[in-house]
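Undergrad: I would like the atomic coordinates for the input below:
(one chain, ligands or ions: 1)
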Amino acid sequence: MQFKRKMDKPVSSDGGLLKSIVLSGLLLLITVASMSIWTLREDWLATVRQTQESAMNLALSQSRQAEDTFLQTELSLRQVQRDLQLQLATRIQGADLSNTMRELQRRLPQLHGLFYYDQDGKWIATSAQRAPNNINNSDREYFTFQRHNRRNSVHIGPVINSRSTGDLVIPVSLRVSDASGGFKGVLLATIKVDFFRRFYSYYELGARDVLVLMLADSTVLYARPMPDSYIGKNLSASPLFQEMLAKMDRGSGQWKSVLDGQARIFGFARSDRYPIIVAAGYNSDDLFHVWVNRRAQDILLSIILLLTILLLGVFQLRQARSVLRYQQELTQLRDELHSANLALNQLAHVDGLTGLANRREFDRFLHQALAHAAASGKPLTLIMMDIDFFKHYNDTYGHIAGDKCLKAIAEVLASVVARRSDIAARYGGEEFALILPDTPFDEGMTIAHRVVEAVRIRQLAHISSPKGQVTISAGCATTATSATLSAVKLLEYADHALYRAKREGRDDVKGINIDESQA
Ligand SMILES: Nc1nc2c(ncn2[C@@H]2O[C@H](COP(=O)(O)OP(=O)(O)OP(=O)(O)O)[C@@H](O)[C@H]2O)c(=O)[nH]1
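TA: Purely as a prediction, here's the structure:
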């Protein structure tokens with residue numbers, strides 16, 4: 001039985017293969033995860049950009065709306081101012097002025113009232129049905145402002161409580177001067193804060209989104225959806241006033257609102273005409289939650305994709321592990337079979353006790369050597385050897401000692417065989433043989449004598465032998481070059497010579513040169 005090795009080395013790259021599977025799996029995971037994160041991040045940034053744009057547009061439109069509201073109010077004041085300045089030259093007609101004021105108030109829904117206070121703060125005319133008695137408005141901020149403001153410009157003041165109705169109102173005032181520029185009182189229009197409250201409520205903003213109308217000095221006029229306690233707050237610490245408005249009149253950005261500390265995406269716009277600013281802010285957390293809900297499907301798909309890759313990777317790793325284990329088992333099995341094959345081969349050709357060629361190998365080799373000798377015409381010598389009185393040896397020393405003796409003789413034989421073409425074999429029992437191809441008779445005889453002598457020199461004790469030590473006898477036969485000879489015939493010749501050596505005293509060599517004997 002002969003097994004062929006397909007691979008000489010066992011698989012050594014198991015670790016490398018597993019490592020490369022793990023590495024490529026990790027690489028794939030990282031790539032897919034990075035792409036998903038990058039896509040989501042880009043989407044979020046685009047959402048933030050869009051929100052900033054919406055916030056800015058909302059702030060801009062609200063600043064325009066506020067501008068229109070104040071412009072309409074200013075025009076009303078200017079009309080009354082014109083009438084008043086005509087009357088200053090003659091006599092002020094309070095009742096007429098009040099009628100004009102009522103007419104103007106009727107036309108403008110934002111107006112809470114129109115008033116004229118003389119240089120001492122006394123009520124002279126009003127759009128209200130009745131002027132309250134004993135109220136003086138010279139202590140108001142707008143009054144003081146206009147008293148000292150020689151310019152004919154509209155002044156928008158911080159929110160105040162109306163003394164006539166108790167409403168929250170935004171005062172818009174204009175100075176009244178006589179021909180020489182002397183102070184002749186203040187014209188006042190009050191705008192209802194409720195007007196902005198109602199107007200801002202039309203917009204569908206989130207509960208935490210804000211829309212703030214402010215004076216340029218950062219005082220809050222109205223903040224949706226904050227309670228009224230926020231009106232009048234100073235927001236100068238806000239990044240809007242600290243950084244943004246210093247650089248531009250309109251824009252957007254993200255910061256924490258000074259109003260309530262919430263992070264928002266803001267848009268803002270400053271009016272070109274009036275000292276007012278509008279800021280619209282979308283709550284960052286709310287926006288993020290809305291965005292996450294909208295992107296939930298994409299996020300879920302990305303997670304599923306990552307998990308699938310992970311599972312496939314683990315599955316592939318396990319598959320590779322079991323294939324490698326199977327391959328290792330096969331390699332091990334192959335090696336075991338190879339060893340068994342070698343052992344069987346050994347058993348088939350080698351004698352188990354002495355390690356010399358066995359009888360089967362002897363027969364095969366002898367036939368081969370004879371065929372070679374016949375083909376080449378070169379001589380072939382066969383030496384048959386037998387241990388003398390070996391039965392007695394066994395009887396004296398036992399079979400185990402007998403085996404040891406056989407091994408010792410085999411060693412002697414092996415040491416004598418010098419050429420690779422020669423073979424030493426155990427023919428059977430205590431009989432040995434040497435087959436010496438291309439060896440003429442004389443040379444064969446010399447070798448036979450050398451073997452007999454070598455055994456003698458070993459001086460293996462044998463008290464049952466006449467010589468007191470182990471000796472062997474040998475019979476040497478050399479083929480005839482003139483004719484082909486069978487193995488049996490050659491064996492007979494060698495056996496016969498051995499028999500003669502035994503008969504004539506043992507511890508000796510007898511031989512026959514078949515060429516000569518046939519001549
Ligand atoms: N220990 C041992 N003895 C063996 C083995 N093979 C054969 N023998 C013994 O070798 C002995 C051969 O004896 P015989 O053929 O009578 O020859 P002999 O005693 O050597 O006498 P001569 O050959 O005439 O010198 C027998 O007693 C066998 O049992 C073996 O493998 N081991």
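Undergrad: Look up which helix or strand the residue in the chain that the ligand sits nearest to falls in, please.
TA: For the chain, the residue closest to the ligand is residue 402, as judged by Cβ to the nearest ligand atom, at 2.5 Å. Where C-beta positions appear, they are placed from N, C-alpha and C, glycine not excepted. Residue 402 belongs to helix 399-416 when assigned by DSSP states H and E.
Undergrad: quick check, the helix or strand just after that helix touching the ligand?
TA: The helix or strand immediately downstream of helix 399-416 is strand 423-428, counting by DSSP H and E. No - under the criterion of Cβ under 6 Å from any ligand atom, the ligand is not reached by strand 423-428; the shortest gap measures 7.4 Å.
Undergrad: could you say what helices and strands strand 423-428 packs with?
TA: helix 359-376, helix 399-416, strand 431-437 (3 or more Cβ pairs under 8 Å, 6 or more residues apart in numbering; DSSP states H and E).
Undergrad: Burial-wise, tell me which of those comes out on top.
TA: strand 431-437 (a mean of 24; mean count of other Cβ atoms under 10 Å).
Undergrad: what's around residue 477, how many residues?
TA: By the measure other Cβ atoms under 10 Å, the count of residues near residue 477 is 28.
Undergrad: in the sheet, who's paired with it?
TA: Beta-bridge partners recorded for residue 477 (DSSP bridges): residue 382, residue 512.
Undergrad: per-domain residue ranges of this protein.
TA: What automatic domain parsing lists as the domains of the chain is 12-294, 359-518.
Undergrad: what's the closest of these to residue 308?
TA: Residue 308 sits nearest to domain 12-294 of all those, at 9.6 Å, using Cβ to Cβ.
Undergrad: right, and residue 254 touches residue 263 too?
TA: Yes - contact criterion Cβ atoms under 8 Å: residue 254 and residue 263 qualify, at 6.8 Å.
Undergrad: Report the set of residues contacting both of those two.
TA: residue 284 (Cβ atoms under 8 Å, 6 or more residues apart in numbering).
Undergrad: Switch the domains of the chain over to TSV; also include mean pLDDT.
TA: Formatted as TSV, these follow (pLDDT from 0 to 100):
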stretch	mean pLDDT
domain 12-294	91
domain 359-518	93
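Undergrad: which one of those lies closest to residue 344?
TA: In terms of Cβ to Cβ, the element of the domains of the chain nearest to residue 344 is domain 359-518, at 12.8 Å.
Undergrad: circling back: go through the domains of the chain and name the closest to residue 336.
TA: Closest to residue 336 of the domains of the chain, according to Cβ to Cβ: domain 12-294, at 18.9 Å.
Undergrad: what does the stretch 251-400 of the chain have sitting close to the ligand?
TA: Counting by Cβ under 6 Å from any ligand atom, the residues of the stretch 251-400 of the chain close to the ligand are 386-392, 394, 399.
Undergrad: show me what contacts the residue of the chain closest to the ligand?
TA: For residue 402, the contacting residues are 390, 393-394, 430, by Cβ under 8 Å, 6+ apart.
Undergrad: redo that, cut-off 7 Å
TA: Shown in contact with residue 402 (Cβ atoms under 7 Å, 6 or more residues apart in numbering): 390, 393-394.
Undergrad: The residues of the stretch 251-400 of the chain next to the ligand into TSV, with extra columns for distance to residue 268?
TA: Below are these laid out as TSV (distance: Cβ to Cβ, whole Å):
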residue	distance to residue 268
386	123
387	121
388	127
389	128
390	122
391	126
392	127
394	121
399	116
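Undergrad: Just the buried ones out of those, please.
TA: Buried members of those, scored by 16 or more other Cβ atoms under 10 Å, are 386-390, 394.
Undergrad: What is the neighbour count of residue 151?
TA: Residue 151 has 8 neighbouring residues, counting by other Cβ under 10 Å.
Undergrad: Can you tell me the closest non-neighbouring residue to residue 208?
TA: Closest residue in space to residue 208, ignoring its immediate chain neighbours: residue 283 at 3.8 Å, by Cβ to Cβ, 6 or more residues apart in numbering.
Undergrad: Who does that neighbour form a beta bridge with?
TA: Residue 283 has these beta-bridge partners by DSSP bridges: residue 264.
Undergrad: What are the boundaries of the strands in the stretch 251-400 of the chain?
TA: Ranges of strands in the stretch 251-400 of the chain, per DSSP state E, counting those that start in this stretch, are 263-270, 276-283, 380-387.
Undergrad: typed the wrong thing, it's the stretch 1-150 of the chain
TA: Ranges of strands in the stretch 1-150 of the chain, per DSSP E, counting those that start in this stretch, are 111-117, 123-126.
Undergrad: which one of these is the most hemmed in?
TA: Of all the strands of the stretch 1-150 of the chain, strand 111-117 has the most neighbours on average by mean count of other Cβ under 10 Å, namely a mean of 25.
Undergrad: Run me through the strand neighbours of it, direction for each.
TA: With DSSP bridges as the test, strand 111-117 is paired with strand 123-126 (antiparallel), strand 183-192 (antiparallel).
Undergrad: List of residues touching the first one?
TA: For strand 123-126, the external contacting residues (Cβ under 7 Å, 6+ apart) are 92, 94, 97-98, 101, 113-118, 131, 135, 185.
Undergrad: same thing with stretch 242-255?
TA: Outside of stretch 242-255, the residues within contact range by Cβ under 7 Å, 6+ apart are 52, 55-56, 60, 239, 263, 265-270, 284.
Undergrad: Switch the residues you listed over to JSON lines; also include neighbour count.
TA: Formatted as JSON lines, the contacts of stretch 242-255 follow (neighbours: other Cβ atoms under 10 Å):
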{"residue": "52", "neighbour count": "18"}
{"residue": "55", "neighbour count": "26"}
{"residue": "56", "neighbour count": "21"}
{"residue": "60", "neighbour count": "17"}
{"residue": "239", "neighbour count": "15"}
{"residue": "263", "neighbour count": "14"}
{"residue": "265", "neighbour count": "25"}
{"residue": "266", "neighbour count": "25"}
{"residue": "267", "neighbour count": "25"}
{"residue": "268", "neighbour count": "27"}
{"residue": "269", "neighbour count": "26"}
{"residue": "270", "neighbour count": "21"}
{"residue": "284", "neighbour count": "18"}
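Undergrad: Would you agree residue 207 falls within a strand?
TA: No - assigned with DSSP: H, G, I helix; E, B strand; the rest coil, residue 207 falls outside any strand and is coil.
Undergrad: Neighbours of it, how many?
TA: 7.
Undergrad: Same question for residue 225.
TA: 15.
Undergrad: Next, the contact list for it, please.
TA: By Cβ under 7 Å, 6+ apart, the contact set of residue 225 is residue 207.
Undergrad: next one: phi and psi at it?
TA: The phi/psi pair for residue 225 (degrees, to the nearest 10) reads phi -100, psi 30.
Undergrad: what does stretch 98-117 rub up against?
TA: Defining contact as Cβ under 7 Å, 6+ apart, one finds that stretch 98-117 is touched by 69, 72-73, 76, 79-80, 83-84, 97, 123-128, 137, 143, 162, 164, 167, 169, 185-192, 195.
Undergrad: From the opening residue of that stretch to its closing one, how far?
TA: 12 Å (Cα to Cα, to the nearest Å).
Undergrad: re the thing from before, highest average neighbour count across the strands paired with strand 111-117?
TA: Ranked by mean neighbour count, these are led by strand 183-192 with a mean of 24 (mean count of other Cβ under 10 Å).
Undergrad: export whichever helix or strand comes after it as CSV, just CAs?
TA: Sequence-wise, the next helix or strand downstream of strand 183-192 (DSSP H and E) is helix 193-201. C-alpha atoms of helix 193-201 as CSV (Å, rounded to 0.1, in the frame of the first residue of the first chain):
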residue,chain,number,x,y,z
VAL,A,193,-48.4,94.5,22.3
ASP,A,194,-51.4,92.2,21.7
PHE,A,195,-51.2,93.2,18.1
PHE,A,196,-47.9,91.5,17.8
ARG,A,197,-49.0,88.7,20.1
ARG,A,198,-51.9,87.9,17.7
PHE,A,199,-49.9,88.4,14.6
TYR,A,200,-47.1,86.1,15.8
SER,A,201,-49.6,83.4,16.8
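Undergrad: That's all I had, so thanks and see you.
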